[in-house]
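> with the input below, show me the fold.
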Amino acid sequence: MSAVGGAESSVPDVADLTRVVALDGPAGSGKSTVARATAKALGWRFVDTGATYRAVTLQVLRAGVDLDDAQAVAAAAAQAVVELDIDPAERGVRLNDEDVSAEIRGSAVTAAVSAVSAVPAVRQQLIVLQRRLMGLEGAVVEGRDIATVVAPRAAVKVYLDARPEVRARRRAGELAPVAAGEAADGPQVEGLSAEDLDRVKQSIQLRDELDSRTNALAATEGAVHLDTSELTVEQVVARIVLLAEQAGVVEPRRPAEEGTL
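Purely as a prediction, here's the structure:
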């Protein structure tokens, strides 16, 4: 496993963060799955910014502070040392040297992450960490405000979206395996009731509302808007890789005249 994080790592200047594929978009749009697959295709780092928010949320929960007290939340979050695997084939997340990869996907963190991530001081803290994780050699980064705040000079900016019902099904598929103690590898929703899906949909709507207050749910100017509702992961990845080729950050893998977005 290769992880990056902690105060010992240098933080790149935001102006130098150009060799980046930034994937923004709401929960359930396919960001994590697509970002990981794209990083594998390009041979670049994969940075799951959502995992950093979840790790810090776990720290806040363990501190037992009131989630409505922004100052207390920020103070607790500041004590977190988060390390994240940057190899797209790995899924390791550590908090203060403890492997919390499974715990951060649990229901307690899921229920609290919206409130914690809405605190501006927490977002500022994690932006520094996320830039450190990205490095300068090439990174595919997914999140809510990557192309607008974290890496505004990214060579490739894509805003992924999907219809609300599709997003709910995908999100439910990510969470269901976690409840069974398994890795979440795909949008499998067998066995989930209509009530479960409705709860997930409401959770997504709440997260969207909270993110809209911090401008974390907006497509940046110049981003390619891609609705993934009817597309396979392979189709989405192929389009993003083509964008990277057109931006000149990777060597073309097919004749230039083949395929355009």
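> can I assume K157 sits in a strand?
Yes. Under DSSP: H, G, I helix; E, B strand; the rest coil, K157 sits within a strand.
> pretty sure it contacts V224?
Yes. Using CB atoms under 8 Å, K157 is in contact with V224, at 6.9 Å. The way it works is simple: take the backbone N, C-alpha and C, and place the C-beta from them, glycine included.
> of those two, which one has the most company?
Using other CB atoms under 10 Å as the criterion, K157 and V224 rank with K157 on top: 24 against 14.
> need the pLDDT of that one.
K157 is assigned 96 on the pLDDT scale.
> state the distance from it to A121.
Separation of K157 from A121 (CB to CB, to the nearest Å) stands at 26 Å.
> got it, and R163?
Taking CB to CB, one finds R163 at 34 Å from A121.
> next one: G25
On the measure of CB to CB, G25 and A121 end up 24 Å apart.
> neighbour count: the two, which is higher?
Neighbour totals were compared for G25 and A121, and G25 leads with 26 against 14 (other CB under 10 Å).
> from what I can see the more buried one touches Y159, true?
Yes. Counting by CB under 8 Å, Y159 is a contact partner of G25 at 5.5 Å.
> burial of A238, as a residue count?
Around A238 there are 18 residues (other CB under 10 Å).
> which elements pack onto the helix or strand containing it?
For A238, the host element (DSSP states H and E) is helix 233-247. Applying 3 or more CB pairs under 8 Å, 6 or more residues apart in numbering; DSSP states H and E, we find helix 233-247 packed against strand 20-24, helix 31-42, strand 156-161, strand 224-227.
> pick the most deeply packed of the ones you listed.
strand 20-24 (a mean of 30; mean count of other CB atoms under 10 Å).
> rewinding a little: may I see the buried residues of the helix holding A238?
V233, V236, V237, A238, R239, I240, V241, L242, L243, A244, E245 (16 or more other CB atoms under 10 Å).
> quick one: the helices in the stretch 151-261 of the chain?
All helices of the stretch 151-261 of the chain, identified by DSSP state H, counting those that start in this stretch, fall at 164-179, 194-213, 233-247.
> can I get the shortest one in PDB, CA atoms only?
Extracted as PDB, the C-alpha positions of helix 233-247 are listed here (Å, rounded to 0.1, in the frame of the first residue of the first chain):
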ATOM      1  CA  VAL A 233     -18.500   2.900 -16.500                       C
ATOM      2  CA  GLU A 234     -16.400   1.900 -19.500                       C
ATOM      3  CA  GLN A 235     -18.100   4.500 -21.700                       C
ATOM      4  CA  VAL A 236     -17.600   7.200 -19.200                       C
ATOM      5  CA  VAL A 237     -13.900   6.300 -18.600                       C
ATOM      6  CA  ALA A 238     -13.300   6.300 -22.300                       C
ATOM      7  CA  ARG A 239     -14.600   9.800 -22.700                       C
ATOM      8  CA  ILE A 240     -12.600  11.100 -19.800                       C
ATOM      9  CA  VAL A 241      -9.400   9.500 -21.100                       C
ATOM     10  CA  LEU A 242     -10.100  11.100 -24.500                       C
ATOM     11  CA  LEU A 243     -10.400  14.500 -22.800                       C
ATOM     12  CA  ALA A 244      -7.000  13.900 -21.100                       C
ATOM     13  CA  GLU A 245      -5.500  13.100 -24.500                       C
ATOM     14  CA  GLN A 246      -7.000  16.200 -26.000                       C
ATOM     15  CA  ALA A 247      -5.700  18.300 -23.200                       C
END
